[in-house]
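Undergrad: structure here, sequence nowhere to be found:
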């Protein structure tokens, strides 16, 4: 209801009094610096309304915190999570992405100066594996180059010498979940061209027709436009983009 109220203003003809704005001075802002540093804000990409008790019970099993957590409902599937232990908060951030019943649970750092509904929940953090790279390309620079096509690169999985030799290269990137997943890239090394394939770790439900991360219950909203755009003759996305449980055992062999 609150989100509907705030989105309606664009349909109004504002009066002079309504069109004027109040500017909040710095000294009027609530001093929540220390309090905010112990918090995260998260949103579940689901059309089903999730209660905070249900979410807390599920995430306690996933996060296994050493201290207490308090979940506060801020809006439609938006929650503020207060951590007693700063180490627990750091582990949650490092372990992204998270899911709730197959739907993405996007978790962000606390931001006290933006309304929760306007926070960039469309950004999620994923480890992406890059296959079929020449050995000379399995370094930090090439990882950053290829990862930049996916989103902002946070980390490249290499040793202290900047080398990431193994069955695949690995980069951590910020993905825009509203954009289709990339299958891979063409890479030219000297006089040879190679196809390098991408595979995503801990990826939640995504649409096999359009390649976008979607609601685990209702599916991809783009599917509603299929009659206009025309059905695709084949699915261009599939489970091969997701790291399987069997493939995850490679982590122990990679280095």
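TA: Looks like it arrived, so ask away. Nothing here was measured: the structure is a model prediction, and the numbers come from that model.

Undergrad: hang on, residue 17 is in a helix, isn't it?
TA: Yes. Residue 17: assigned to a helix according to DSSP: H, G, I helix; E, B strand; the rest coil.

Undergrad: for the protein, what spans make up the strands?
TA: According to DSSP state E, the chain carries its strands in the segments 39-44, 69-75, 78-83, 98-100, 103-109, 123-131, 151-156, 169-176, 184-189, 192-200.

Undergrad: residues in contact with the last one?
TA: Okay, so that is strand 192-200. 126-134, 146, 150, 168, 181-188, 240-243, 247 (Cβ atoms under 8 Å, 6 or more residues apart in numbering). C-betas here are computed from N, CA, C, even on glycine.

Undergrad: before we move on, back to that, same list (the strands of the chain) but as a markdown table, adding mean pLDDT and mean neighbour count.
TA: Shown next, in a markdown table, are the strands of the chain (pLDDT from 0 to 100; neighbours: other Cβ atoms under 10 Å):
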| stretch | mean pLDDT | mean neighbour count |
| --- | --- | --- |
| strand 39-44 | 96 | 22 |
| strand 69-75 | 95 | 16 |
| strand 78-83 | 96 | 20 |
| strand 98-100 | 95 | 19 |
| strand 103-109 | 95 | 21 |
| strand 123-131 | 96 | 21 |
| strand 151-156 | 96 | 17 |
| strand 169-176 | 96 | 21 |
| strand 184-189 | 96 | 13 |
| strand 192-200 | 97 | 15 |
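
Undergrad: residue 17: which of those strands is closest?
TA: strand 69-75 (27.2 Å; Cβ to Cβ).

Undergrad: got a list of contacts for that closest one?
TA: Residues contacting strand 69-75 (Cβ under 8 Å, 6+ apart): 2-3, 41, 51-53, 55-56, 59-60, 63, 79-84, 88, 116-117.

Undergrad: whichever of the residues you listed end up buried, select them in PyMOL.
TA: Per 16 or more other Cβ atoms under 10 Å, the buried members of these correspond to this PyMOL selection:
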select buried, resi 41+55+56+59+63+79+80+81+82+83+88+116
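
Undergrad: quick one: the helices in the protein, in order.
TA: 2-7, 16-19, 33-36, 52-63, 86-94, 140-147, 226-229, 245-248, 251-254 (DSSP state H).

Undergrad: ok, of these, where does mean pLDDT dip lowest?
TA: Of all these, mean pLDDT reaches its minimum on helix 226-229 (a mean of 40).

Undergrad: break this structure into its domains for me.
TA: 2-118, 124-242 (automatic domain parsing).

Undergrad: so residue 116 sits against residue 76, correct?
TA: No. At 10.0 Å, residue 116 does not count as touching residue 76 under the criterion of Cβ atoms under 8 Å.

Undergrad: all good on my end, thank you.
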